[in-house]
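Novice: sequence plus predicted model, see below.
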Amino acid sequence: MAESDGSQTVTRAQTLIEGILIVLGALFFASIAVIAIQGTAVDAGIFDAESTGSQLLGTVVQFLAFGIVVFWYLRTTDRWETLKLGVPTARQWGIVIAGTIGLLGAQIGLTVVLDTIGISTGANRAVTAGLGNPDYFLAMIVISILLVGPAEELLFRGVVQTRLRETWGAWPAILLATVIFGVIHLPAIVGDTGQQWATIALITLLGVVLGYLYERTQNVVVPALVHGVHNAVIFGLQYLSAIGVA
């Protein structure tokens, strides 16, 4: 029994390391791709280095790169059957709607709680990049739904959470994948150290909802839609604020 427990511990450690390496590999590949393609666009005179167009191009390239890494991993390991993906059923569409409302409500509620106890959160660079430029927020609404939600959910839920579930079980896999999901957002948070980690804690808690939705529906399209629409709503509110409506 002790030998079996030790073997299981090693296997769990291996899958956790594998999951972390997949994410780090995706981040590294995306960084290289963004630098190369943004640099080419700037050198060709298509965009100025600090322009909105260059920022949006970098975002598009980053999440396309995530998708490429997911494709490479599944092809290399021949694990296509582990990715649960399909057209949502009528019931799953209902879960998408409820999940989106729940995720937005949870974010508002948790933010209020943090403010009440005197803890402030930081700002996401994806939001601050568009300050003073409403068109940026409009573009990010589309990018969130078509790229950000799908790419992050394919990576963190479709690949990492699925892999961890094989040795850790459902809830530990959800929690571990979500912690990784939260921590990798740290460089994108503007603020002091306390604000950054408060925001990471908030993102992590919201990520648990996405992980649960994948586990419940066994369809990565569901959390991808919830994630994408949630982000789109945030950018939509920023757009309304930028044009003086809200």
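Specialist: Everything's here; your move.
Novice: show me the contacts for the residue most central in space within the chain.
Specialist: In the chain, the centroid-proximal residue (CA atoms, centre = their mean) is residue 152; its distance is 4.0 Å. Contact partners of residue 152, counting by CB atoms under 8 Å, 6 or more residues apart in numbering, are 63, 66, 181, 227. The C-beta positions use only the backbone N, C-alpha and C, and glycine is treated the same way.
Novice: check which helix or strand covers it.
Specialist: According to DSSP states H and E, residue 152 maps onto helix 149-153.
Novice: now that helix: mean pLDDT?
Specialist: Across helix 149-153, the average pLDDT comes to 97.
Novice: same deal with stretch 193-202?
Specialist: When the per-residue pLDDT values of stretch 193-202 are averaged, the result is 90.
Novice: list the buried ones in that stretch?
Specialist: Judged by neighbour count using 16 or more other CB atoms under 10 Å, the buried positions of stretch 193-202 are 195, 196, 197, 198, 199, 200, 202.
Novice: which of those fall within helices?
Specialist: Judged by DSSP state H, the subset of these located in helices is 195, 196, 197, 198, 199, 200, 202.
Novice: need the contact list for the residue nearest to residue 111 when sequence neighbours are not counted.
Specialist: In space, residue 111 comes closest to residue 121 once its chain neighbours are excluded; the distance is 6.6 Å by CB to CB, 6 or more residues apart in numbering. Listed by CB under 8 Å, 6+ apart, the contact partners of residue 121 are 111, 114, 191, 195, 198, 199, 202.
Novice: quick check, residue 121 in a strand?
Specialist: No. According to DSSP: H, G, I helix; E, B strand; the rest coil, residue 121 belongs to no strand; its state is coil.
Novice: how far away is it from residue 74?
Specialist: When CB to CB, to the nearest Å is the yardstick, residue 121 and residue 74 sit 35 Å from each other.
Novice: what is the nearest of the contacts of residue 152 to residue 139?
Specialist: Distance to residue 139, by CB to CB, is smallest for residue 63 among the contacts of residue 152, at 13.2 Å.
Novice: tell me which element that closest one falls in.
Specialist: Using DSSP H and E, the secondary-structure element containing residue 63 is helix 52-77.
Novice: and that helix, what other elements does it pack with?
Specialist: Counting contacts by 3 or more CB pairs under 8 Å, 6 or more residues apart in numbering; DSSP states H and E, the secondary-structure elements packed against helix 52-77 are helix 2-43, helix 134-143, helix 149-153.
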